Structure formats: C-alpha cells, structure tokens
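S.K.: Just a sequence and a predicted model for now, questions to come.
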Amino acid sequence: MGETKTDTGPATWRIVLAALLDFFTAFFVLGFLVASVTGGRTEGGFQLNGLPAFVLFALIVAYFVVFNRYLGGTIWKRILKAQR
C-alpha cells in the first residue's frame, strides 16, 4: 500500500509572505544604508542610480543567498516558520 507523508512542510502562503517581507525589508534597510554611504538620501527616503543601485541589487541577492545557505533561513522565514 502507499505511504502517506505526514510532514508536508510550511504552507505556501507563509513562504510567499516571508519572501515578500524579506525583499521589502532588505530593499529598505539596505537601500537606506547604501544611500547614506553614497549620498543618495532624500527628504522622502532615498534615490539610487547607476553604481549605487547595482550595489543595492547585489546586496539584496547576497542577503537571500547568505541567510538561506549559511544561516538557516532569512529573518522573515524564521519569524513565520516558513523554512522547509
């Protein structure tokens, strides 16, 4: 007879919500830091063009790679218990 899998992992909505929250958190926190270093802060937040924008993109990718591969999951994956 067929075996049934009892541990199905986290719900899809938790994984999707964690990914969205991680992206927005990384974008705003890292964007603010890059803008502070490169002079891209504005009254309404920050504006990045050219190399600073590329650096932000690279840092966001690094955030997901480092946290998922080496630290056991991103911040929001841990909070929402969305780890596989």
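M.R.: Done, it's in.
S.K.: Which parts of the chain are strands?
M.R.: Remark: strands assigned in the chain by DSSP state E are 41-42, 45-46.
S.K.: so what strands line up beside the first one?
M.R.: Yep, that's strand 41-42 we're talking about. If you go by DSSP bridges, strand 41-42 pairs up with strand 45-46 (antiparallel).
S.K.: what sits up against the strand it pairs with?
M.R.: 31-32, 34-36, 40 (CB atoms under 8 Å, 6 or more residues apart in numbering). Placement of C-beta: from N, CA and C, glycine included.
S.K.: Which PyMOL command selects the buried ones in those residues?
M.R.: PyMOL command restricting the contacts of strand 45-46 to the buried ones, with burial defined by 16 or more other CB atoms under 10 Å:
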select buried, resi 31+34+35+40
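S.K.: Quick check: which ranges of the protein have low pLDDT?
M.R.: Residues of the chain meeting the criterion pLDDT under 70: 1-7.
S.K.: Residue 67 - how many residues pack around it?
M.R.: 18 (other CB atoms under 10 Å).
S.K.: How much space separates it from residue 51?
M.R.: 24 Å (CB to CB, to the nearest Å).
S.K.: for residue 43, same thing?
M.R.: 23 Å.
S.K.: Tell me which of the two has more neighbours.
M.R.: residue 51 (10 against 4).
S.K.: still on that earlier bit, with the contacts of strand 45-46 in mind, which one is nearest to residue 74?
M.R.: residue 31 (16.8 Å; CB to CB).
S.K.: Going along the chain, name the helices of the protein.
M.R.: 12-38, 51-70, 75-79 (DSSP state H).
S.K.: which one of these has the most crowded surroundings?
M.R.: For those, the largest average neighbour count (mean count of other CB atoms under 10 Å) is found in helix 75-79, namely a mean of 17.
S.K.: got the CA coordinates for that helix in PDB?
M.R.: C-alpha atoms of helix 75-79 as PDB (Å, rounded to 0.1, in the frame of the first residue of the first chain):
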ATOM      1  CA  ILE A  75      14.700  36.800   9.000                       C
ATOM      2  CA  TRP A  76      11.000  36.500   7.900                       C
ATOM      3  CA  LYS A  77      11.200  32.800   7.200                       C
ATOM      4  CA  ARG A  78      12.300  32.300  10.800                       C
ATOM      5  CA  ILE A  79       9.600  34.600  12.100                       C
END
